[in-house]
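Chemist: return a 3D structure for these sequence lines:
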Amino acid sequence: MNTELKNAVKAADLKAQYDARVKRLVGHKRVLAQILIKTVDEFKGMNPKTVANCIEGTPYISTVPVEPGLTNAMLDKNGQRIVGFNTESQEINEGLARFDIVFYVRTKDGLSQIIINVEAQKDEPGEYEILNRAIFYVSRLVSSQKERDFENSRYDDIKRVYSIWVCMNMDENTMSHIHLTKEDVIGSYEWKGNLDLINIVMIGLARELPEHDETYELHRLLGALLSQELSVDEKLNIIGNEYNIPIEENMRKDVSAMCNLGEGIEEKGIAIGREKGRIEGRIEGEAGLILKMYKNGLSAEQIASATDKQLEEVKEIIAGI
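Modeler: As a prediction, the model looks like this:
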């Protein structure tokens, strides 16, 4: 395996580890609480600690498949068959798309639950339109509730769903709420049902960290957490002192590991660039030599013999003149 390929493999491995740490950091309950306060009406203005206590159990991080038929699994508890989220090991469904973070949160009145999905993206993807993917994800979270959160035709028991997307490296700090609305085309009739069941929130994080104010409070926290520019101490200072989030040992380890992995990715990227430049420089040098020999009257066959190049390679270089 050549040096460039080795570096690329190592960089990909570091990238996977880095992404896992990002999800773990965002998946801390006190961080999720800050996200809920700014995106879900029921929690706006509430104390982050109180909201964190409303999050039920431990959030599922990169364990629940998105694919139809695989989001849920049959569980056997005390002799009863129960449908729950599918949390089988990565190896069993290797290569499948998974929700980054999924969890249930109970509203402050304790009467109902909301299903929350949080997705972290390093930037806006170029291979597909991100809103289309968000619509697919939020639709899966609704349809997968059948036989898990409601049975048969009890559609009134569908739980409200939020799919929250955090996109880094955007041109500006933004937030958009995409949801269902009713438009009367002919006449007016109040159809029974809940228009608030499906919610998508798109959060764009600018490259530059904003000042700490009410408007950009969430953007500053997430920007600091996910920044590849800030040091460990700078991140922990913002998290702890500005947002009063307890810096427990597991969070400190995640922040430190993410910073170290980010440095490793950068170093491997530089190494790949250098190796690629060296190879390209060598190739350009060989091509220049072949063209010079051709211009001095040597045939393609003679050049191939003198340079140990394949005849076809020599002819391709000459044809490019």
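
Chemist: how about K182, what does it touch?
Modeler: By Cβ atoms under 8 Å, 6 or more residues apart in numbering, the contact set of K182 is W191, L195. Any C-beta I mention is one placed from the backbone N, CA and C, and that applies to glycine too.

Chemist: so how far is A16 from it?
Modeler: 43 Å (Cβ to Cβ, to the nearest Å).

Chemist: just D157 next, same as before
Modeler: 38 Å.

Chemist: low-scoring pLDDT stretches of the chain, where are they?
Modeler: For the chain, applying pLDDT under 70 flags the ranges 1-15, 75-81, 89-95, 261-285, 308, 320-321.

Chemist: one more time with 50, if that's ok
Modeler: Low-confidence segments of the chain (pLDDT under 50): 1-2, 4-12, 263-277, 279-281.

Chemist: which residues of it fall in strands?
Modeler: 55-61, 72-77, 80-85, 101-106, 113-121, 160-170, 174-179, 198-206 (DSSP state E).

Chemist: mind checking which of these is nearest A33?
Modeler: Across the strands of the chain, A33 has its closest neighbour in strand 55-61 (7.1 Å, Cβ to Cβ).

Chemist: strand partners (parallel or antiparallel) of that closest one?
Modeler: Strand 55-61 has its sheet partners listed here by DSSP bridges as strand 101-106 (antiparallel).

Chemist: list the buried residues in the strand it pairs with.
Modeler: I101, V102, F103, Y104, V105 (16 or more other Cβ atoms under 10 Å).

Chemist: and the angle from that strand to strand 160-170?
Modeler: Here strand 101-106 runs at an angle of 140 degrees relative to strand 160-170 (axes from the mean of the first three to the mean of the last three Cα atoms, to 10 degrees).

Chemist: distance between strand 101-106 and the chain's centre?
Modeler: Offset of strand 101-106 from its chain centre (Cα atoms, centre = their mean, to the nearest Å): 17 Å.

Chemist: cool, stretch 105-117 as well?
Modeler: On Cα atoms, centre = their mean, the centre of stretch 105-117 falls 24 Å from that of its chain.

Chemist: list the buried residues for that stretch?
Modeler: V105, I114, I115, I116, N117.

Chemist: can you pull the contacts of the fourth one?
Modeler: For I116, the contact set (Cβ under 8 Å, 6+ apart) comprises L32, L36, V40, I101, V102, F103, Y104, V105, V161, Y162, I164.

Chemist: equivalent analysis for the third one, please.
Modeler: Residues counted as contacts of I115 (Cβ under 8 Å, 6+ apart) are V102, F103, Y104, L141, Q145, D149, K159, R160, V161, Y162.

Chemist: sorry, back to before: which among the buried residues of strand 101-106 gets closest to L226?
Modeler: Distance to L226, by Cβ to Cβ, is smallest for I101 among these, at 13.7 Å.

Chemist: beta partners of the closest one?
Modeler: Under the criterion used (DSSP bridges), I101 bridges to I61, V118.

Chemist: for it, give its distance to P65.
Modeler: Look at I101 and P65: by Cβ to Cβ, they are 14 Å apart.

Chemist: count of neighbours near the closest residue in space to A300 that isn't next to it in sequence?
Modeler: Excluding the flanking residues, the one nearest A300 by Cβ to Cβ, 6 or more residues apart in numbering is V314, at 4.9 Å. Counted with other Cβ atoms under 10 Å, residues neighbouring V314 total 25.

Chemist: just L197 next, same as before
Modeler: Look at L197: counted by other Cβ under 10 Å, it has 17 neighbours.

Chemist: and it, what is it in contact with?
Modeler: The contact partners of L197, by Cβ under 8 Å, 6+ apart, come to V142, I158, K159, R160, V161, L180.

Chemist: which one of those has the most neighbours?
Modeler: Going by other Cβ under 10 Å, V161 tops the contacts of L197 with 22 neighbours.

Chemist: partners of that one in the sheet?
Modeler: Assigned bridge partners for V161, using DSSP bridges, are I115, I198.

Chemist: so it touches Y104, yeah?
Modeler: No - V161 is not in contact with Y104 according to Cβ atoms under 8 Å; the separation is 10.6 Å.

Chemist: quick check: neighbours shared by these two?
Modeler: Both V161 and Y104 are contacted by I114, I115, I116, under the criterion Cβ under 8 Å, 6+ apart.

Chemist: and which of the residues you listed is nearest M251?
Modeler: Among those, I116 lies closest to M251 (Cβ to Cβ), at 19.8 Å.

Chemist: give me the neighbour count for I186.
Modeler: Per other Cβ under 10 Å, the neighbour tally for I186 reads 5.

Chemist: report the separation between it and K192.
Modeler: Relative to K192, I186 is positioned 19 Å away (Cβ to Cβ).

Chemist: now L209
Modeler: With the distance defined as Cβ to Cβ, L209 ends up 46 Å from K192.

Chemist: what about the two, which has more around it?
Modeler: Neighbours around L209 and K192, counted as other Cβ under 10 Å, are more numerous at L209. The numbers are 20 against 6.
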